[in-house]
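Enquirer: Coordinates for the following, if possible.
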Amino acid sequence: MASDKDLKKILRKLEYGVYVVSMGKGADGNAFTASWVMQVASEPPMVAAAVHNKHKSAWQLADLDSFVVNLLPESGLATAKTYYGPAESGYDKLQAKDISDAAVTGTPRLNGALGYLDCKIVERVKTGNHTLYIGEVVGGELSSDGPILTTSSSKLHYAG
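Expert: Reported below is the predicted structural model:
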């Protein structure tokens with residue numbers, strides 16, 4: 001059987017996009033860098049985002065009805081780092097940021113992102129030390145069709 005160290009090394013080989021998930025209302029909302037985001041249904045279109053249960057974002061999402069997945073351009077590493085972890089940037093992550101409201105839910109979205117998915121939360125599933133927030137995609141926009149930031153290109157790996 002593989003050691004915990006070996007398993008972590010293997011898990012880091014899985015490829016993910018690197019996104020900023022935002023929630024709440026306006027500049028009082030919150031945002032975090034996420035790589036565990038994926039499409040889980042096509043009819044209706046749905047995505048899931050895994051959030052560690054000890055993080056403030058999980059506490060907030062438990063009481064909210066929507067979130068936005070912001071797609072970062074391949075050159076968006078600095079943006080990803082802005083929203084990475086509470087210790088680096090505090091909890092007021094949307095204060096003084098270039099944001100606007102998503103068209104359907106009114107959830108804050110990042111201006112300058114490649115695009116975004118506006119998601120209404122339809123289910124929460126506990127999965128060990130994380131919760132999957134499953135959202136029906138109710139809106140979105142693609143501003144540019146360029147490549148997105150990934151775990152390989154950013155070196156921002158998250159293996160729990």
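
Enquirer: Tell me which stretches of this protein form helices.
Expert: For the chain, helices defined by DSSP state H occupy the ranges 4-11, 56-61, 77-82, 86-89, 151-154.

Enquirer: and Ser22, which of those is closest to it?
Expert: Evaluated with C-beta to C-beta, the helices of the chain place helix 56-61 nearest to Ser22, the distance being 9.5 Å. No exception for glycine: its C-beta is placed from N, CA and C like everyone else's.

Enquirer: what comes up buried for the closest one?
Expert: Within helix 56-61, the residues that qualify as buried are Ser57, Ala58, Gln60, Leu61, counting by 16 or more other C-beta atoms under 10 Å.

Enquirer: sorry, back to before: which one of the helices of the chain lies nearest to Arg124?
Expert: Nearest to Arg124, of the helices of the chain and by C-beta to C-beta, is helix 56-61 at 7.7 Å.

Enquirer: which residues sit against that closest one?
Expert: Under the criterion C-beta atoms under 8 Å, 6 or more residues apart in numbering, residues 21, 23-24, 30, 32, 51-52, 67, 86, 91, 121, 124, 130-131, 133 lie in contact with helix 56-61.

Enquirer: Filter the residues you listed down to the buried ones.
Expert: Val21, Met23, Gly24, Asn30, Phe32, Val51, Phe67, Ile121, His130, Thr131, Tyr133.

Enquirer: per-residue confidence at the spatially most central residue of the chain?
Expert: Nearest residue to the geometric centre of the chain (C-alpha atoms, centre = their mean): Val21, 3.1 Å. We note a pLDDT of 96 for Val21 in this prediction.

Enquirer: Nearest to Ser100 among the helices of the chain would be which one?
Expert: It is, among the helices of the chain and with distance given as C-beta to C-beta, helix 77-82, at 15.5 Å.

Enquirer: Go through the closest one and flag the buried ones.
Expert: Going by neighbour count (16+ other C-beta under 10 Å), the buried part of helix 77-82 is Leu77, Thr79, Ala80, Thr82.
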